[in-house]
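Chemist: curious how this folds, go ahead:
(chains A and B, ligands or ions: 2)
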Amino acid sequence: MNHIALLMENQPGALSRVIGLFSQRGYNIDSLSVAPTQDETLSRLTMTIGEEGADINQILKQLYKLVDVVMVQNLSEADALTLELAIIKLNKTKAEVEGFFKNYKFEREILDEKDQYTVFKVLGDTQEIEKLLSELKKEEFLEVTRSGTLGMTKGNESLATNDQTKISYD
Amino acid sequence: MAKVMTSGGEALIRALADENVDIIFGYPGGAALHIYDAIYQQDRVQHILVRHEQAATHAADGFARATGKPGVCLVTSGPGATNAITGIATAYMDSIPLVVISGQVPNHLIGTDAFQETDMMGISRPIVKHSFLVQKPEEIPVIVKKAFHIATSGRPGPVVIDVPKNLTDPNEKFEYKFPSDLYLRSFALYNEAKNSEVKKAVKLLTEAERPVIYAGGGAINSNAAEEIYEFGKLMGCPVTNTLMGLGVYPASDEQFVGMLGMHGTYEANMVMHEADLIMAIGARFDDRITNNPNKFGLQAKKIHIDSDPSSIDKIIDVDVAMTGNAKKVISQINKELKAMNFDNKKFDGWMKKAMQWRAEHGLNHNMLNQKNAGDIILPQQVIQSAYKVTDGKAFVTSDVGQHQMFAAQYYHFNEPRKWINSGGLGTMGFGLPAAMGVKFAFPDETVACITGEGSIQMCIQELSTCGQYGLPIKIINLNNRALGMVKQWQDMQYGGRYSSISYEDSLPDFIKLAESYGHIGMKVEKLSELEVAMEECFALKDKLVFLDVYVDPDEHVYPMLKAGGDMSEMFLSKTEKTFK
Ligand SMILES: Cc1ncc(C[n+]2csc(CCOP(=O)(O)OP(=O)(O)O)c2C)c(N)n1
Ligand SMILES: [Mg+2]
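Modeler: Ligands and ions are numbered 1, 2, ... in the order given. Just a heads-up that it's a prediction; the model follows:
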C-alpha cells in the first residue's frame, strides 16, 4: 500500500489528467480523495495505490511530469499520518452496533438511528476500517461510504509548493 | 505605446506572430471562422490550406522536425478536431513541439452535444503534453505564450489550445497585451547534470573495455549533434543511432555502426549485445530497440541522459542516470574527458571487432552495380539511387513499412533533422504532408518523400495542396503492390497466409493520378532504367514528381531481431539467422 500526497492546480481538467494517467499507464488507484486547500489556486489529493507490481517511482515521476501537478510526495516513505473516515448504515440497533466495536479502538459516533437501523461514523486507520467492514459483511449492511485515506507528514515540514517559476524572455 | 484593441480571434493570430510564427497549417470550419476572418485581415502569419486536418498536423510536425521550431496548426471543432488526433499522437510519441489550435462550440453550448461538438480536451488528453481550454478572451496571449513554452521546453511535445467560438467574436474587443514574462508553477526543467553524476559517468566511460554510444531522437531535439560528434571522437568507440536519432552522428563516419534495433544493422546489434558499457543519449530503450528487455545488455553498465526523468529506469535500470539537456550534459562530459587527456586507444580492438562484424554481415551499400534476374528492381537499390543522385543532402521524409526501413538503412544521414519519419506511432500517411512542412521551411532544399503505395494513399489528397502552393517534392514510391511490412510478418510468422495485404488489381495509375493534380508522374519497372529516371526526377527542380518504382514484391527487410530474443538473435536473410 502506497499513499501519495499531491498538490495540483485547481484548474478544470487537472483532476482528469491525474486520473487519466493511471488508466493510461495501467496503474490502479485504490482510493482517492481531493479537495481545495487554504490556497484556492491549489487542490490537494491523497491517493492510495495497491502493492501489486506497481512501479511507484515511475508513477511519481509520471505524475510530476503533468504540468498541472505542483508537488508529489510518497507518504509511505515518509513519517506520515494517515486517516480515513467511513460512514456506515446497518440494519441493527444501536446496542447491537456497539457490540461490534468491542475489538476496535478508533473514534466513532452514532449519527442517526431508529429501531431498524443505525448510522455511525468511524475515523481511523484504513486497515482497521477495512477489518471492521469485513467483519460487518456478515451482517445486514445497508450502505457504506468512505473518504479514502487522507495523509500528511509529521513534523513541521509541509508539502511545500514551488514558487511560481518566472520564465523571462529577452 | 498606443493601446491595441483586438478581438479574441485577432489576439490569437497576433500572439502567434509575436511568438515568431510565420506559417500555420489548417482547415476552416464553423467554430473557427472568427479566427479565419482574423487571419484574412493580417499578413504576418501565412495560413496553408491542406486537404485534411491530419495533414495539417503532419505538415506542422514535419516543419518542426526540420527546423527545431514548434509547428502550428488550426482546425475547427468536432470532425476537424478528431481528424487532427492521429497527427497529435504522432507528434506526442516522437516528442515533437506542436501547438494545435482547435475551434470549439461556444461556451454556453459546451456539454449539450451541440453541432460539431467534441470534447477535444478529453479526446486529446492522453496524447498531449498539456492542453488549455480558453475561458476568457483576454487570457489568449498568455495561453499562447505558455503553450509555446511548454511545447518546446524540456522534453518537447504537442499542446492543444481549445478555443470556444464566442471567445473569438470580432465584435468583442479588449486590450491586447503580449506578456514579456511567464509564470508557471511546478514546471521543472533540467539542464546540466549534477557534477557528481558527470564524474561517475566519466569513470564508467574511461574504465570500460567495450563502450557504445547509443543516441536517439532526444539528442536531435536538444541539438546535441556537435557535442555528440566530439564525444564520439573523444571516445573512439562505436556509435549507433536509433531510427529517431539518425543523422545526429554522421552516418559516413568510420565509428558509425548504423541504426540499431528491430531492423538495425548486424554490427550495431552485436555491438549493443557485447558491450560492457551502454551510453544512452536521448533514447528511451523502446521495445523496438531492446528486443526482450530481460535479455538486454546483460554484460553492460548503463548511463542514461534524458530530459525526461520518467524515461529513466522505465524499461531498463541504469547505473548512472543523468536528467538533463543532452547538449549540456555531453559538453560537461567532454570537458572532463579533455581535461584528463583520455587516451581512447584501448578501444581500438573493440572498434576493429565492430568492423569485423560489418565485414561478416553488414549491409551491402553497393547494390546499384549488381544485375538482377529479369531486370527487376530491389527496393534497396531505389534508396541507393536516390542517395547517389541527391548526394546524401536531401531532406527525406518517409511513411511506414518496408520502404521506411530501407530508407533508414541505406540513405546515409550525415546531419540531424534531415530524416523525418514517424518512429514512435508509426503513422502511415505521415510522409507527404510532413514533406510539405519541410518544403515550406526550406523552399530551396531538396525534399524527397520515400513512401509505399499503401502509405501514400492515406494522405494522397495532399497532392492538391502541393499543386496549390507549388511544392516541388519528389515522391519516391516503392511500389511492391502490397502492404509489404505486414506481408513480411505473414511470411515469417503466419506461414505465408496473406490476410488482407494485397490490392494489386485496384491500385490507381499513380502517373495519371499525379498528372490529374497537375504534377509529373513517372514509372520505372526495370533496374536498367532506374538511375536515369531518378536523375530526371530530381533534375525537374520546380516540379513535383511522383516516381512510381515497381520493386520486387517478395523482398524482406533484414536484419530482423527474433521476437523475444536478445539483440544478437537476428534473421539475416530468408535463409540465414544468427541463432538456432
Ligand atoms: C495508419 C496505419 N495503419 C496501419 C499500419 C500498420 N502497417 C505498418 S506497415 C504497413 C504496410 C505499409 O504498406 P506500404 O505503405 O505499401 O509500405 P511497404 O511495407 O509495402 O513498403 C501497415 C499496414 C500503420 N503503421 N499505420
Ligand atoms: Mg507496399
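
Chemist: now do the contacts for the residue most central in space within chain A.
Modeler: The residue lying closest to the centre of chain A (CA atoms, centre = their mean) is A:T149, at 2.7 Å. Contact partners of A:T149, counting by CB atoms under 8 Å, 6 or more residues apart in numbering or on different chains, are A:H3, A:S31, A:S33, A:T46, A:T48, A:T82, A:L83, A:E84, A:T126. C-beta: built from backbone N, CA, C; applies to glycine.

Chemist: for A:M47, see how far away it is.
Modeler: 8 Å (CB to CB, to the nearest Å).

Chemist: overlap in contacts of those two?
Modeler: Any residue near both A:T149 and A:M47 by CB under 8 Å, 6+ apart counts here, and that gives A:H3, A:S31.

Chemist: what about the strands in the stretch 301-450 of chain B?
Modeler: B:301-306, B:320-323, B:395-398, B:419-420, B:447-452 (DSSP state E, counting those that start in this stretch).

Chemist: cool, chain A as well?
Modeler: Shown for chain A, the strands assigned by DSSP state E span residues A:2-9, A:31-36, A:42-49, A:69-74, A:80-90, A:107-113, A:118-124, A:141-146, A:150-153, A:165-168.

Chemist: the fourth one near chain B at all?
Modeler: Translated: strand A:69-74. Yes. Against chain B, strand A:69-74 shows contacts by CB under 8 Å from any CB of the partner chain at A:V69, A:V70, A:M71.

Chemist: by contact count, what packs against that strand?
Modeler: strand A:2-9, helix A:14-25, helix A:56-65 (3 or more CB pairs under 8 Å, 6 or more residues apart in numbering or on different chains; DSSP states H and E).

Chemist: let's see it at 7 Å
Modeler: strand A:2-9, helix A:56-65 (3 or more CB pairs under 7 Å, 6 or more residues apart in numbering or on different chains; DSSP states H and E).

Chemist: among the strands of the stretch 301-450 of chain B, single out whichever gets nearest to ligand 2.
Modeler: Shortest separation from ligand 2 across the strands of the stretch 301-450 of chain B is recorded for strand B:447-452, at 3.6 Å, computed as CB to the ion.

Chemist: what residues sit buried inside the helix or strand following that closest one?
Modeler: Counting by DSSP states H and E, the element after strand B:447-452 in chain order, helix or strand, is helix B:462-469. Residues of helix B:462-469 classed as buried: B:E462, B:L463, B:S464, B:T465, B:C466 (neighbour count, 16 or more other CB atoms under 10 Å in any protein chain shown).

Chemist: where in chain B is pLDDT low?
Modeler: B:1, B:186-188 (pLDDT under 70).

Chemist: which residue lies nearest the spatial centre of it?
Modeler: By CA atoms, centre = their mean, the most central residue of chain B is B:N421, 3.9 Å off.

Chemist: B:T76 contacts B:G29, correct?
Modeler: Yes. Look at B:T76 against B:G29 with CB atoms under 7 Å: they come within range, at 2.6 Å.

Chemist: does B:M279 lie in a helix or a strand, and which?
Modeler: strand B:277-281.

Chemist: for chain A, name the helix or strand with the lowest mean pLDDT.
Modeler: Ranking every helix and strand in chain A by mean pLDDT, DSSP states H and E puts strand A:165-168 at the bottom, with a mean of 55.

Chemist: any chance of the buried residues of helix B:462-469 in TSV, with distance to B:L363 too?
Modeler: TSV is the format used below for these (distance: CB to CB, whole Å):
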residue	distance to B:L363
B:E462	32
B:L463	32
B:S464	37
B:T465	35
B:C466	32
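
Chemist: what's the closest non-adjacent residue to the residue in chain A positioned nearest to ligand 2?
Modeler: For chain A and ligand 2, the shortest gap (CB to the ion) falls at A:Q24, measuring 32.3 Å. Closest residue in space to A:Q24, ignoring its immediate chain neighbours: B:P126 at 4.8 Å, by CB to CB, 6 or more residues apart in numbering or on different chains.
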